[in-house]
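*Asks:* Attaching a predicted model along with its sequence, questions to come.
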Amino acid sequence: MEDFHELFRYQNNNNCESLYAMQWIDPLLKSAGWGTYNCLLSDLSFSDVCDVNCWANNLQPSPDMLEYFNQGAFGTKRWTATFFTEDVYYPYIKSQHGGYTYTKKWCQVKKGVVGCKEDNDGKLASQASPLNTYIIRLADVYLTHAEACLGNKQTLSSGRGLESFNAIRSRAGVPEFESIDFWAIVRERRMEFCMEYSNWFDMVSWYRWKPQEMLRFFNEEQHRGYEIKNNGIVRINRADGSFMLNYLFANYNVWRLNSDGTDNPDWSVDAYRPHDIILSEANIFMPYPEADVLQNPYLTKEPVPYDFGDEK
């Protein structure tokens, strides 16, 4: 699909890119039981754009996500479909009233926010969205293909894997890469699938493969321990017409950019870390619950190769 926004509209459930998804019960069916609805609506949406009960007035991008999108992708289709952005017009929200323009000087979660009843054929209720939940969509296959083609090489500068990677970037409205490495794939997946609840699974898979590299990523690049509060993100318009994001870490009054939109050379992430959340091999995973271990003591033992016998 050409427009990234169209992937997250109820009218495009089961589209050509949807390979595996949760299909929720129609909220208008009163006979449906609890747990059969897509209840994320109320956790993600807010009253400006939704006419059923919702309470997500504070959800904003994490600092590392802002860093990624600030690197040439802010304001693109993928960004505005993932986070509401100041002065951006969404014609498919409040569609029968001329559409909706987000006017706040900060960002709130957009992906998964489907609008009002009028935008969804009335199929909307508190904690009940008609939007399917992607488990696997085509972009996942493309980026997995790129990662497989990269393999153990340092970089990938040609071939179908690079083409798959650039197909994702092209649809997102950002420049294609001439060469990619492992970290390019990590960051691309973070942006492509942001707010689709797949990041944890990616991180665990990569940690199993590259534990030391991923520990560095967790502790240095993710800016763990920071919190962004209400109105903590402001768009700075520059004299040349470009714009950047300016964001305030909660309770610390530390700005990433100067008021004129230029970089602040005195700003340091580590100098203002509010909490020491340091991940290591000792705490990266939580222990198995005691009840499970009592039922299956093998859970605490080292894994061993499985013997498939002679027939593979």
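*Replies:* Yep, that arrived.

*Asks:* Do I have it right that residue 186 meets residue 207?
*Replies:* No. Between residue 186 and residue 207 no contact is recorded; they are 11.3 Å apart, counting by Cβ atoms under 8 Å. (Each C-beta comes from the backbone N, C-alpha and C, glycine too.)

*Asks:* The stretch 101-250 of the chain: helices as residue ranges?
*Replies:* Remark: helices assigned in the stretch 101-250 of the chain by DSSP state H, counting those that start in this stretch are 138-150, 160-172, 182-192, 199-209, 211-216.

*Asks:* in the stretch 51-200 of the chain, which ranges drop under the pLDDT threshold?
*Replies:* In the predicted model of the stretch 51-200 of the chain, residues 72 satisfy pLDDT under 70.

*Asks:* Repeat the analysis, applying 90 as the threshold.
*Replies:* Applying pLDDT under 90 to the stretch 51-200 of the chain flags residues 55-76, 85-87, 104-108, 125-126, 173.

*Asks:* again with the stretch 201-312 of the chain
*Replies:* Applying pLDDT under 90 to the stretch 201-312 of the chain flags the ranges 219-279, 283, 285-287, 303-312.

*Asks:* The same query, at a cut-off of 50, please.
*Replies:* Where the stretch 201-312 of the chain drops to pLDDT under 50, the residues are 251-255, 265, 267-272.

*Asks:* gap between stretch 135-153 and the chain center?
*Replies:* 17 Å (Cα atoms, centre = their mean, to the nearest Å).

*Asks:* Just the buried residues of that stretch, please?
*Replies:* 137-140, 142-143, 145-147, 149-150 (16 or more other Cβ atoms under 10 Å).

*Asks:* same question, stretch 34-53
*Replies:* Applying 16+ other Cβ under 10 Å to stretch 34-53 flags 37-38, 40-42, 44-46, 49-50, 52 as buried.

*Asks:* Among those, which ones are in strands?
*Replies:* In strands, judged by DSSP state E, none of the buried residues of stretch 34-53 are found.

*Asks:* Relative to residue 191, which of those is nearest.
*Replies:* Checking the buried residues of stretch 34-53 against residue 191 by Cβ to Cβ gives residue 44 as the nearest, at 18.0 Å.

*Asks:* For the residue positioned nearest the centre of the chain, which non-adjacent residue is spatially closest?
*Replies:* Geometric centre of the chain, nearest residue: residue 194, 0.9 Å, by Cα atoms, centre = their mean. In space, and not counting its chain neighbours, residue 194 is closest to residue 82: 5.2 Å by Cβ to Cβ, 6 or more residues apart in numbering.
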